[in-house]
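Have a look at this prediction, sequence included:
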Amino acid sequence: MYTQLLMLIALFPVLVYGQDRKPLSKGDCLQPEPFRDYRHCDFNGRDLSTVNLEGSLLSGVNLQNARMPDCNLEGATLNDADLKWAMLSGCRASSADFTNADLFHTNLDDSSIDNANFTKANLFGASLNGVAADRADFSHANLKDISMEESRLTNCNFDQAFMMRAVLIESDLSGSSFHQVVLTGAALEFADFTRADLTGALLNGTTLTETRFRGARLTGSRFVNARMQSPDFTDVIDPPKDLVKD
């Protein structure tokens, strides 16, 4: 009886389930479709413009230098994926999982990444200008030299991220959390940190031209050598001693 059971199991493929609990079948690497398992594929350098990979499984997949403008990665799983130098501008990637992925110098300009997960991801030198990223999670990520100009980054989690020399000019970061974040040398001109929580954040040497911190929590934060020109610290909570108000 046991032998017959093993023979029956061998006749059917092992199913991988997506986030919606639907089984994912093995995808065609040459003609990708949504809701498929592509862990066996290598997309290095491929032209995948406007490709639809919604809900697909891409864990650990090589996507280096892939050209994927206007792609659909909504709900896709890309944890541990290699996306170095990939072009993902204009993509839809809401609720996608990029946990521990390598996005070194990846271009995500003008993409929609609401609720996406970038926990522990490497985004060194990445470009996320003009993104829509409400409630995205960047905690513990490497965001050194990242460019996030004119972006909507509301209610995001940046806790313990490394954001040295990050460029956040004219971005809306209201309601976001920056616990123990390193923002040394960051460009924060005209950025909006209204009601953000910057507990223990390091903002030494930052540029704060008309930067808004209305109602923000600044417990234990540091602004040593910050270059300030008319920043707005109205109603901040627990301002540090080294904070100089205009």
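Here it is on my side, so go on.

got the contact list for Met164?
Applying C-beta atoms under 8 Å, 6 or more residues apart in numbering, we find Met164 in contact with 144-145, 182-186. Backbone N, C-alpha and C define where each C-beta goes, glycine included.

Go again with 7 Å.
Residues near Met164 by C-beta atoms under 7 Å, 6 or more residues apart in numbering: 144, 182, 184-185.

can you put those in TSV and add secondary structure?
Below are the contacts of Met164 laid out as TSV (DSSP: H, G, I helix; E, B strand; the rest coil):
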residue	secondary structure
Lys144	coil
Val182	strand
Thr184	coil
Gly185	coil
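
Can you tell me which of these are buried?
Buried by 16 or more other C-beta atoms under 10 Å: 144, 182, 184-185, out of these.

Name the nearest of the contacts of Met164 relative to Ser95.
Ser95 has its nearest neighbour among these in Lys144, at 25.6 Å by C-beta to C-beta.

And for Leu143, nearest residue in space, chain neighbours not counted?
Distances taken as C-beta to C-beta, 6 or more residues apart in numbering place Met163 nearest to Leu143, at 4.5 Å, with adjacent residues excluded.

The one you found: neighbour count?
For Met163, the count of nearby residues is 27 (other C-beta atoms under 10 Å).

what pLDDT does it get?
Per-residue confidence (pLDDT) for Met163: 98.

if I read this right, it contacts Phe178, doesn't it?
No. Applying C-beta atoms under 7 Å as the test, Met163 and Phe178 come out as separate, 8.3 Å apart.

count of residues packed around Thr211?
Thr211 has 24 nearby residues by other C-beta under 10 Å.

correction: Arg46
Neighbours of Arg46 under the rule other C-beta under 10 Å: 20.

Tell me the buried residues in stretch 231-238?
The neighbour-count check on stretch 231-238 (16+ other C-beta under 10 Å) flags 231-233, 236 as buried.

what does stretch 206-222 give?
Using 16+ other C-beta under 10 Å as the test for burial, stretch 206-222 gives 206-208, 211-213, 215-218, 221-222.

Sort out which of those residues are in strands and list them.
Counted as lying in strands by DSSP state E, out of the buried residues of stretch 206-222, are 207-208.

would you turn the buried residues of stretch 206-222 into JSON lines with pLDDT?
Below are those laid out as JSON lines (pLDDT from 0 to 100):
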{"residue": "Thr206", "pLDDT": "98"}
{"residue": "Thr207", "pLDDT": "98"}
{"residue": "Leu208", "pLDDT": "98"}
{"residue": "Thr211", "pLDDT": "98"}
{"residue": "Arg212", "pLDDT": "98"}
{"residue": "Phe213", "pLDDT": "98"}
{"residue": "Gly215", "pLDDT": "98"}
{"residue": "Ala216", "pLDDT": "98"}
{"residue": "Arg217", "pLDDT": "98"}
{"residue": "Leu218", "pLDDT": "98"}
{"residue": "Ser221", "pLDDT": "97"}
{"residue": "Arg222", "pLDDT": "96"}
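
can you list the buried residues of stretch 206-222 in CSV and add distance to Gly130?
CSV is the format used below for these (distance: C-beta to C-beta, whole Å):
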residue, distance to Gly130
Thr206, 22
Thr207, 20
Leu208, 22
Thr211, 19
Arg212, 19
Phe213, 23
Gly215, 26
Ala216, 24
Arg217, 28
Leu218, 28
Ser221, 27
Arg222, 30
